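Asks: What would the 3D arrangement of this be:
(one chain, ligands or ions: 1)
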Amino acid sequence: MRVLYSLHHNLHHPQREFEASGFQEPFEHPGRAEIIRQALAADERFELAAPDEWGTDPIAQVHDPGLIAFLESAWSEFQAVHGPTHDVVPDMFAMAGLRESMGPASEPASIDARLGWWAFETTTPITHGTYEAARSAVNVALSTWATVESGEPIAYGLCRPPGHHATRSLYGGYCFFNNAAVVAHRIASTTGSKVAILDVDYHHGNGTQQIFYERDDVLVVSLHADPSRAYPYFTGHADETGAGRGLGANLNLPLPAGLDDDGYLPMLESALESVMGFGPAALVVSLGLDTFGGDPISDLALSADGFARCGAAIRSVGLPTVVVQEGGYADEQLGENARAWLLGASSQPWPS
Ligand SMILES: [Zn+2]
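Replies: Down below sits the predicted model:
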């Protein structure tokens, strides 16, 4: 299987995350992608390749151009006012209630205010090279599609930073540009065919849902921890089914804590039935490996063997498939979990 990977992900390297009312060592750190790269590079069934440069036009088709411009200059602007700092994090957010009954605000001028205009939470620091890293992750996703478009049945984009929490106009949840959404829109707009996104990250892909919520050409199906107990809390409920033309083209399958391989697989099969019922020409998989039993920020109980079975289930539907990496924070097992899933998805035996 062809694996797209860019060294530039290392340019995004937060020192700490503010979550659970404290500063944490970053769960989302450069070592994650390096662990996966090393595990795949050691297996001759995987072939690593660098992505092409795609520019910002494909990003601007799903994201507010203002978000792109902000991310390009935010770190430098902040340093000019407050520097030197390693990380840049908002300290106020443009919540709708601030201006309730006063009408909407417009984008403010100061860098402090603009941070809270374009971000939705505090776990996602901007560092010196974050913009370049986020751009490279999009290049990885689009080059993965180019591989599939040229005839490969499936290919894997080792995207970092991840993308599925980024909405059209907000970054957060370790995500800056929504890699899966950019590539799904690219496929739909260049082929004229319907596309399905299957998000199997532990967390609801709120950004992907938001971007396609009113569209009927891109189906979004997500299996994730029930948001009544899990991040991102405010989206991902079963009654969110799309709006307008997109009504019926969004499916959320919230999962209970502790679900293991045998409990999860039937839910995945059900999700795949919905995917096939939509009649897509291609499938984009947002692959989160934080459903693993040993993940430090999650509460499901999948195993490496379960991941191989999940990959095989997705391969069995026979759609041209782009896999993009999302979450997964159990560093010691992350490489093997990715290898298991991808071997399953390429009809290869695992563990050897
Ligand atoms: Zn996640």
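Asks: how about low-confidence regions in the stretch 251-352 of the chain?
Replies: Judged against pLDDT under 70, the stretch 251-352 of the chain has no low-scoring part.
Asks: Which stretches in it count as strands?
Replies: For the stretch 251-352 of the chain, the strands defined by DSSP state E, counting those that start in this stretch occupy 282-287, 321-325.
Asks: Would you reformat those as CSV and include mean neighbour count?
Replies: (C-beta placed from N, C-alpha, C; glycine too.) As requested, these are exported to CSV (neighbours: other CB atoms under 10 Å):
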stretch, mean neighbour count
strand 282-287, 28
strand 321-325, 30
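Asks: Relative to residue 343, which of those strands is closest?
Replies: Counting by CB to CB, residue 343 lies closest to strand 321-325 out of the strands of the stretch 251-352 of the chain; the figure is 12.2 Å.
Asks: near the ion, which residues of the stretch 201-350 of the chain?
Replies: Contacts of the stretch 201-350 of the chain with the ion, taken as CB under 5 Å from the ion, map to 201, 202, 203, 288, 290, 327.
Asks: how about 6 Å then?
Replies: 201, 202, 203, 288, 290, 326, 327 (CB under 6 Å from the ion).
Asks: Can you show me the strands along the stretch 51-200 of the chain?
Replies: 154-157, 195-199.
Asks: Among those strands, which comes closest to the ion?
Replies: strand 195-199 (9.4 Å; CB to the ion).
Asks: Between strand 321-325 and the closest one, find me the angle.
Replies: Our comparison of strand 195-199 with strand 321-325, counting by axes from the mean of the first three to the mean of the last three CA atoms, to 10 degrees, yields an angle of 40 degrees.
Asks: and strand 195-199, which strands flank it?
Replies: strand 218-225 (parallel), strand 282-287 (parallel) (DSSP bridges).
Asks: can you redo the ones you listed as TSV with distance to residue 210?
Replies: What follows is the strands paired with strand 195-199, written out as TSV (distance: least, CB to CB, whole Å):
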stretch	distance to residue 210
strand 218-225	10
strand 282-287	14
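Asks: so how many other residues sit close to the closest residue to residue 12 other than its chain neighbours?
Replies: Excluding the flanking residues, the one nearest residue 12 by CB to CB, 6 or more residues apart in numbering is residue 133, at 3.5 Å. Taking other CB atoms under 10 Å as the criterion, the count of residues near residue 133 is 23.
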